[in-house]
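Provide a 3D model corresponding to the input given below.
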Amino acid sequence: MIVTPQIAKIVDSYLNGKQFIVLRGGTRSGKTFSILSALIMIILTDKVKTINSVVAMTLPHLKKGAIRDFVTIMQSNGLYEDARWNRTDFSYTFANGSILEFFSADSEKVHGAQRDRLFGNEVQFMNWETIRQLLVRTSGTSFFDYNPIRSLWIDEQILNNPEQHNNHVLFNSTYKDNPYLSPEQVRMIESQRNDEVWWQVYGEGQIGTIRTGCIYSGWEMIDDDTFDAIDYSPVYGLDFGFS
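Numbering: from 1, shown residues only. Prediction:
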């Protein structure tokens, strides 16, 4: 297996006993691929059977993302055996007995049995209560990846939580950390530089501003005097919400 610098950092953090390994970054930065590669390497060294869970918001999300990446990694390294893949439970049993299972955040498995390791995939789409239910059933290391579209529960609960200061490690990444992108993909990503909000999150992998996700842009704050001087005749408001 080709071990990129990002994969090596993940494995090293695991071996150093970090409870939470977090990959935060932009689009196409190889976050999911790197965590899955590292997780496969770790599982292959298991001396006893372990249960490893990959959880994303929906099953279609998993099928198009993490499951597809898992099969690609296993096949490209000559590790995949079709007979070991359970198409009903979406799980793979390794030769040493360890299991890697995939399920969605809306599954009853969130409140199910204990696991040894957890991978929360693209957790910007998942709420804290779901993650909490998963964490209390995880005895070992938890891995997370996400695009920082705005401040999330992970900032308060893990990254900026004094109680977790020595328990976590954070890696920031961008498309420049992914050696497998084609020149066309790089050009497409870099062509979006003029969209400041998009580029901040998906290009540079930085936390999005409070305006990210707003229905209306170009607004500005005004003081009370300016507000009182405006003639409203009449005004209608509609809140579309954001999801």
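
Direction included, what does the helix or strand where N172 lies pair against?
Using DSSP states H and E, N172 sits within strand 168-173. Its sheet considered, strand 168-173 pairs with strand 20-25 (parallel) by DSSP bridges.

so how far is the partner strand from its chain's centroid?
7 Å (CA atoms, centre = their mean, to the nearest Å).

Same question for stretch 176-185.
19 Å.

Sort out which residues of the strand holding N172 are buried, please.
Across strand 168-173, burial judged by 16 or more other CB atoms under 10 Å covers H168, V169, F171, S173. The way it works is simple: take the backbone N, C-alpha and C, and place the C-beta from them, glycine included.

residue ranges of the strands in the chain, please?
For the chain, the strands defined by DSSP state E cover 20-25, 51-56, 85-86, 91-93, 99-104, 117-121, 142-146, 168-173.

would you list these in JSON lines and tack on mean pLDDT?
Shown next, in JSON lines, are these (pLDDT from 0 to 100):
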{"stretch": "strand 20-25", "mean pLDDT": "97"}
{"stretch": "strand 51-56", "mean pLDDT": "98"}
{"stretch": "strand 85-86", "mean pLDDT": "98"}
{"stretch": "strand 91-93", "mean pLDDT": "98"}
{"stretch": "strand 99-104", "mean pLDDT": "98"}
{"stretch": "strand 117-121", "mean pLDDT": "98"}
{"stretch": "strand 142-146", "mean pLDDT": "98"}
{"stretch": "strand 168-173", "mean pLDDT": "96"}
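
for stretch 203-212, what is the average pLDDT?
Mean pLDDT, stretch 203-212: 76.

that older thread, any chance of the buried residues of strand 168-173 in a markdown table, with distance to D82 too?
Compiled in a markdown table, the buried residues of strand 168-173 are given as follows (distance: CB to CB, whole Å):
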| residue | distance to D82 |
| --- | --- |
| H168 | 37 |
| V169 | 35 |
| F171 | 33 |
| S173 | 32 |
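
and which of those residues is nearest to T138?
Nearest to T138 among the buried residues of strand 168-173 is H168, at 14.0 Å by CB to CB.

Residues in a beta bridge with the nearest residue to the closest one once chain neighbours are set aside, which ones?
Leaving out its chain neighbours, the residue that sits closest to H168 by CB to CB, 6 or more residues apart in numbering is F20, at 3.9 Å. Judged by DSSP bridges, the bridge partners of F20 are S142, H168.

wait, what's in contact with F20?
Applying CB atoms under 8 Å, 6 or more residues apart in numbering, we find F20 in contact with T141, S142, F143, F144, I158, Q164, N167, H168, V169.

of those residues, buried ones?
Here, 16+ other CB under 10 Å leaves T141, S142, F143, F144, I158, H168, V169 buried among these.

residues near Y14, how many?
20 (other CB atoms under 10 Å).

The one 5 residues further on now?
Using other CB under 10 Å as the criterion, Q19 is surrounded by 17 other residues.
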